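J.: Next one to model:
(one chain, ligands or ions: 2)
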Amino acid sequence: MADKTDTTSEPKPGDASRNTPPGPAHVSRRRLLGTAGAAGAAALVAGGAAGAAGAEAVREGPDPLSSVGSAAVPFHGPHQSGILQPAQAHAHLAAFDLMPTADRKAAAALMRRWSDATADMMDGRTPQGDELGVALDAGPSSLTITFGFGRTFFDRTGLAAKRPDALEPLPAFTADALDPKRSEGDLWVQIGADDTLVTFHALRMLQKLAAGTARMRWQMNGFNRTPGATEQPMTGRNLMGQIDGTNNPKQSDANFNTRIFVPDDRNGADGWMAGGSYAVVRRIRMLLDTWDNLSLDQQEKVIGRRKSDGAPLSGGQETTRADLNKVGSDGALAIAGDAHIRVASPATNRGAAMLRRAFNYHDGFRDDGAPDAGLLFVAWQADPLKGFTPVQRKLDRGDGLSRFLRHESSGLFAVPGGCERGEYVGQRLLEG
Ligand SMILES: C=CC1=C(C)c2cc3[nH]c(cc4nc(cc5[nH]c(cc1n2)c(C)c5CCC(=O)O)C(CCC(=O)O)=C4C)c(C)c3C=C
Ligand SMILES: [Fe+2]
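T.: Residues are numbered from 1 along each chain as shown. Ligands and ions are numbered 1, 2, ... in the order given. Okay, here's the model as predicted:
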């Protein structure tokens, strides 16, 4: 089984950190071929039956799960999973609305059922009553499931007095073309894993467990690069081809926790949010045909970073701090006045910062033939008024990238802290 303590460590480029190899219980045939290399494989083929028998001789049972399948993230802890772990290869984002008959007690029972099943699935166990069989052969595959409460949840459950001020609706932005049917919701669920059947299975389980209490309001599918697809671990790319996620706050930053998580000493109505975080979820369609018409030079100017390796246009490599004051030999700013990284930078937003943990999406093609594709943007912060909102206000006015984007749906959710064994997510709100 994977070393579970590894999985909440700092997201590293390429997500290698979550894939701890399984213990060497035995050498499988698949592994033997994989490590033997081309020459070894050729020898096995040339050896015919003898070679194959040689490989089989070391087999003592079925092939073990690969490192991808066996990697597991702990369910219990101070924060919910799916915030600090590197974004997985596959995701479902979904919102549920409580049925008119569902009260606070029914909502609490649902959170208990969801939490118990999540703890099982994240550990690779079959949840009670699960006869779906969809993910039977797979391990947990770094499954994380994150639960949040939308603004309307508090009215429906008689908990309006405990609704945090931070859940005030986001302001309208000029780039918004929001579809209310795919926005907001009473309950939000983020499911991520490195195997598609594992994410689908988790979604089906949650949907079944919600029967009679909550109905799905909207659902979106996202993806990132498959772990191990690149020669070196690296930061992922989005569908515009840019390396995306480089300048995220780091867990080693002194102010990381206070920027991303609600402090433990919070008193008052939202004391139940200690250890929690606020998720801003935006479906942002990319106008890819228009974008693709730009030259490489123009594309890099819009972002302020090189496309090939993500280095800032002020020089250096991907991890070099961008020098926003640098002027080139032509007298122009190296990073343009409307470059995305200048307008979004904490340095130009009085320190406003958020942890971006996004997934790409592609939902086929629109009537005009353009791809229906873009980013399921998920931003985490202790307070949206100190994170997403001021930054998006600024991007809305002066970001060169916004000409190529349409914000199509939006949600703001209070994501409570994690729970300990025997507890369920949201218990402090629902029973406090
Ligand atoms: C309101 C916040 C942000 C939205 C919305 C947003 C959308 C968005 N961004 C990209 C691509 C890139 N963003 C990059 C950096 C970056 N973006 C934001 C915020 C929002 N982006 C911040 C705070 C930063 C970091 C700025 C800095 O301090 O340097 C980058 C560069 C690489 C990186 O640091 O991640 C890219 C590329 C897209 C495509 C997009 C909407 C679809
Ligand atoms: Fe961005």
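J.: Could you pull out the strands in this structure for me?
T.: Secondary structure of the chain (DSSP state E): strands at 90-98, 144-150, 187-193, 214-223, 277-286, 355-356, 359-365, 371-381, 405-415.
J.: Measure how the fourth one sits relative to strand 277-286, angle-wise.
T.: Going back to what we said before, that points to strand 214-223. 60 degrees (axes from the mean of the first three to the mean of the last three CA atoms, to 10 degrees).
J.: now strand 214-223: mean pLDDT?
T.: Mean pLDDT, strand 214-223: 98.
J.: what about it, distance to the chain center?
T.: How far strand 214-223 lies from its chain's middle: 14 Å, per CA atoms, centre = their mean, to the nearest Å.
J.: next one: the fifth one
T.: With CA atoms, centre = their mean as the basis, strand 277-286 stands 10 Å off its chain's centre.
J.: Counting by contacts, list what that strand packs against.
T.: Packing partners of strand 277-286 (3 or more CB pairs under 8 Å, 6 or more residues apart in numbering; DSSP states H and E): strand 187-193, strand 371-381, strand 405-415. (Glycine included, C-beta is placed from N, CA and C.)
J.: residues from this protein in reach of ligand 1?
T.: Counting by CB under 6 Å from any ligand atom, the chain comes close to ligand 1 at 238, 240, 242, 244-247, 284, 286, 303, 305, 322, 340-341, 344-346, 374-375, 377, 388, 391-392, 395, 405.
J.: Buried ones from those, can you make that a ChimeraX selection?
T.: Burial among the residues of the chain next to ligand 1 is assessed by 16 or more other CB atoms under 10 Å; the matching ChimeraX selection reads:
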select :238,240,242,244,245,246,247,284,286,303,305,322,340,341,344,345,374,375,377,388,391,392,395,405
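J.: ok, which stretches of the stretch 201-350 of the chain are helices?
T.: With DSSP state H, counting those that start in this stretch, the ranges of helices along the stretch 201-350 of the chain come out as 256-260, 288-292, 296-303, 340-344.
J.: thinking again about what came up before, of the strands of the chain, flag the one that's most buried.
T.: Burial of the strands of the chain is given as mean neighbour count (mean count of other CB atoms under 10 Å); strand 187-193 ranks first at a mean of 28.
J.: could you measure C419 against ligand 1, distance?
T.: Distance of C419 to ligand 1, given as CB to the nearest ligand atom, to the nearest Å: 29 Å.
J.: ditto for L385
T.: For L385, the distance to ligand 1 - CB to the nearest ligand atom - is 13 Å.
J.: quick one: pLDDT of the residue nearest to that residue when sequence neighbours are not counted?
T.: Excluding its sequence neighbours, the residue lying closest to L385 (CB to CB, 6 or more residues apart in numbering) is A166, at 6.8 Å. A166 carries a pLDDT value of 97.
J.: again, but for the one 5 residues further on
T.: Looking at P171, its pLDDT reads 97.
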